[in-house]
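> dropping the sequence and predicted coords here.
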Amino acid sequence: MKLCALILAGGTGTRFWPWSDDLMPKQFLPIADPRETLLQQARSRVAPLVEDRILVLTNEEYVPVVRTQLPDIPKENIVGEPMLRDTAAAVGLGAALAERLWPGTVQTVFPADHAIGRPERFVEILRHAARFAHDTGKLYTIGIEPAYPTEAYGYLERGERLESPKDIGHFRLDAFVEKPDLATAQRYVRGGRHDWNAGIFAWKTEAILEALARHLPQHATWLPKAVEAFGSSYFRERLRESFLQLPKISIDFGVMQSEAAAGNVHMVAGDFPWSDLGGWDAFADTLEPDAHHNRVYGHARDWNGEDWDERWSPLQPAHEDKDESISMGEVFTMHASGNLAFNSRRGHRVALVGVDDLAVIHTHTATLVTKRGEGGRLKELVGALPPFGKKGGLVSGEKVLKPWGWELWWAWEDDYAGKTLFLEAGKRFSLQYHSVKDETIHLFQGKVKLTTAARGETLEDRVLHEGDSIHVEPGRKHRIEALEDSLLLEVSTPFLWDVVRLSDDFGREGTRKAEVGVEKKEE
């Protein structure tokens, strides 16, 4: 018996917004382990079972991400779906491709964005399910014993127990049940005959293709036509044509419910730790709490009444690593308990004071503040948010003449501004400082004299040569004088109004108060 695997990696992960978004959904993030993404973990788990017989299905736009994260998988085995048609289309395509690549195999199917503990036991359970599927020709699914009643998962109703090794739970499945209301879920858990539907399957490829033909004839008709072109230059075009003909339906609704009612679905109990990581509350469970039950992703500091208890969570960055795989900002909690705080923006501080049971999520693109337990509303929120204004593309520089030379603005974004400055020999900028603006100035060409001092210190002079740079933090006094014609590059935070001139050769002492615009782009 040979096994192959189908990894489904096409979700958008809105319940982890703003960390997960349509550019980088949750399966491509290190959510359960700071060293590996969920997709990489999924591939590592199944590798001992299937060797190199792995297919990954994802959205067309994420194919480059998958190839980057799984470079050892052949490019042709990473397939981009041209449009969203739910899991029946993905499963049907995956089965048809597997039958072409590895005919007669048993295929295991599972999502890329779940967290699974005890990987050795997971492989053992999946191997038994595959053996049963091979021997019986039935469709197999893995059930997870429910830890609590919830409306978030579908349920599997167990029937009679079937023959199996003593430590393997093997059952006929009486019914696939879609997500119930809470009262029904509570009854299921009390009754002890229902398991969570983890969306993990094992079947002979020919068996699932026959089931598709019985219940979803459009899938059975059109997907093989696309697979006929697999490996050719027109595969993508044929796949798009086929997907256009398919209804949007899940494999559970489209096939498994009916097959279970007909007695064609069996279940193996998955007694390994499992989570679908459905949102921020599930993520919080992966973090160790501090003394006040706060769970923090970042450089954490919790006030203990006298000082800060300091730690890194979930992982301290490697010493002197200039290209870290993990990015974390600072988080301070004082007189606060039961909170989840997430800060992935290095150099940014998040502070929680006197609040309980909040989720505060800060990333490079957005900040989310909500009550713990309200993650179910995120999908609604993300769907209702207006799109970001379009940015990027060809940029035209804006040149502004100055009494000391000229400046050319080539970037002006929400997070930073960039310009090139030409300073004539013998001329100099104002002696100035900024209250909040942070900038780095690089001498690209020429030679200048820098006069500078940190806040409260005495001014000092030094000569800068080509290739030298200076970081100007808020409060630092600084002035640059050209000893010869010089070109400088400046990148700063975008508080362009924030200049306090202490002295100036051109009569411009004082604070610039104009609103941001062309007329105030001056040094």
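Nice, I can see it.

> so, low pLDDT: which residues of the chain?
Counting by pLDDT under 70, the ranges of the chain that qualify are 319-326, 389-391, 511-523.

> following the longest strand seen in it, which helix or strand shows up next?
If you go by DSSP state E, the chain has its longest strand at strand 194-204. Using DSSP states H and E, the helix or strand that directly follows strand 194-204 along the chain is helix 205-215.

> packing partners for that following helix?
helix 86-101, strand 106-111, strand 139-144, helix 217-227, helix 257-261 (3 or more Cβ pairs under 8 Å, 6 or more residues apart in numbering; DSSP states H and E). The C-beta positions use only the backbone N, C-alpha and C, and glycine is treated the same way.

> report the buried residues of the fourth one.
By neighbour count on 16 or more other Cβ atoms under 10 Å, the buried set for helix 217-227 is 218-220, 222-224, 226-227.

> quick revisit: export the helices and strands packed on helix 205-215 as CSV, with columns for distance to Asp357.
Shown next, in CSV, are these (distance: least, Cβ to Cβ, whole Å):
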stretch, distance to Asp357
helix 86-101, 34
strand 106-111, 29
strand 139-144, 27
helix 217-227, 45
helix 257-261, 38
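
> between these, which one is closest to Leu368.
strand 106-111 (23.8 Å; Cβ to Cβ).

> surely Ser275 meets Asp281?
No: Ser275 is beyond contact range of Asp281, at 10.4 Å (criterion: Cβ atoms under 8 Å).

> which residue ranges form the helices in the stretch 301-450 of the chain?
Under the criterion DSSP state H, counting those that start in this stretch, helices of the stretch 301-450 of the chain are mapped to 378-384.

> could you do the stretch 1-150 of the chain as well?
38-50, 63-69, 86-101, 119-136.

> identify the residues contacting Ala90.
6, 8, 10, 57, 81, 251 (Cβ atoms under 8 Å, 6 or more residues apart in numbering).

> quick one: which of the residues you listed is nearest Glu380?
Gly10 (21.2 Å).

> wait, what's in contact with that closest one?
57-59, 62, 81, 84, 90.

> measure it to Asp33 for me?
Per Cβ to Cβ, to the nearest Å, Gly10 is found 21 Å from Asp33.

> again with Arg238
To Asp33, Arg238 is 38 Å away according to Cβ to Cβ.

> kindly provide the distance from Trp102 to Asn77.
In this view, Trp102 and Asn77 are 11 Å apart by Cβ to Cβ.

> re earlier: just the buried members of the contacts of Gly10?
Buried among these by 16+ other Cβ under 10 Å: 57-59, 62, 81, 90.

> any idea which of those is closest to Val353?
Using Cβ to Cβ, the buried ones among the contacts of Gly10 come closest to Val353 at Tyr62, 39.4 Å.

> who touches the closest one in this structure?
9-10, 25, 28, 80.

> what about Leu443, distance to Tyr416?
Distance of Leu443 to Tyr416, given as Cβ to Cβ: 19 Å.

> over to Lys26?
In terms of Cβ to Cβ, Lys26 sits 27 Å off from Tyr416.

> please apply the same query to Arg43.
Using Cβ to Cβ, we find Arg43 at a distance of 36 Å from Tyr416.

> compute the inter-axis angle for the longest strand of the chain and helix 86-101.
With axes from the mean of the first three to the mean of the last three Cα atoms, to 10 degrees applied, the angle from strand 194-204 to helix 86-101 works out at 30 degrees.

> and of the contacts of Gly10, the nearest to Pro494?
Pro494 has its nearest neighbour among these in Tyr62, at 31.2 Å by Cβ to Cβ.

> correct me if wrong, but Ser232 is in a strand.
No: under DSSP: H, G, I helix; E, B strand; the rest coil, Ser232 sits outside any strand and is assigned coil.

> got the contact list for the helix or strand harbouring Ala300?
According to DSSP H and E, Ala300 maps onto strand 295-303. With contacts defined as Cβ under 8 Å, 6+ apart, strand 295-303 is touched by 284, 287-292, 294, 308-314, 328-335, 339-344, 350.

> how many other residues sit next to the nearest residue to Glu481 once chain neighbours are set aside?
The shortest distance from Glu481 to any non-neighbouring residue, by Cβ to Cβ, 6 or more residues apart in numbering, is to Arg428 (3.6 Å). The number of residues packed near Arg428 is 19, by other Cβ atoms under 10 Å.

> verify the stated contact: Arg428 with Trp404.
Yes: with contact defined as Cβ under 8 Å, Arg428 counts as touching Trp404 (6.8 Å).

> check the gap between the residue nearest to Glu481 and Lys402 for me.
Distance from Arg428 to Lys402, by Cβ to Cβ: 12 Å.

> swap in Leu70?
Taken as Cβ to Cβ, the span from Leu70 to Lys402 is 52 Å.

> higher neighbour count, those two?
Just comparing Leu70 and Lys402: by other Cβ under 10 Å the higher neighbour count belongs to Leu70, 21 against 17.

> residue contacts, that one?
With Cβ under 8 Å, 6+ apart, Leu70 has these contacts: 39-40, 43, 56, 78.

> show me which of those are buried.
Taking 16+ other Cβ under 10 Å as the criterion, what is buried in these is 39-40, 43, 56, 78.

> from those residues, which two are the most distant?
Pairwise distances across the buried ones among the contacts of Leu70 peak at 13.4 Å for Gln40 and Ile78 (criterion: Cβ to Cβ).

> so how far is Glu241 from the closest residue to Val227 other than its chain neighbours?
Spatial nearest neighbour of Val227, chain neighbours left out: Ala96 (4.4 Å); criterion: Cβ to Cβ, 6+ apart. Ala96 sits 15 Å away from Glu241, going by Cβ to Cβ.

> more neighbours: the two, which one.
Ranked by neighbour count (other Cβ under 10 Å), Ala96 and Glu241 place Ala96 first, with 23 against 15.

> enumerate every residue touching that one.
With Cβ under 8 Å, 6+ apart, Ala96 has these contacts: 205, 209, 223-224, 226-227.

> again, only this time at 7 Å
209, 223-224, 227 (Cβ atoms under 7 Å, 6 or more residues apart in numbering).

> Asp22 now?
Counting by Cβ under 7 Å, 6+ apart, Asp22 touches Thr12.

> from here on, count from 22
Taking 22 as the first residue, the last one we looked at is Asp43.

> I'd say Ala232 and Val276 touch.
Yes: with contact defined as Cβ atoms under 7 Å, Ala232 counts as touching Val276 (5.1 Å).

> burial measure for the closest residue to Val403 other than its chain neighbours, as a count.
Ranked by Cβ to Cβ, 6+ apart and with sequence neighbours excluded, the top spatial neighbour of Val403 is Thr35, at 4.5 Å. Counted with other Cβ under 10 Å, residues neighbouring Thr35 total 19.

> ok, Ile491 - contacts?
462, 471, 473.

> quickly list what the last one is bridged to.
It stands for Thr473. Here Thr473 shows beta-bridge partners Glu481, His499, assigned using DSSP bridges.
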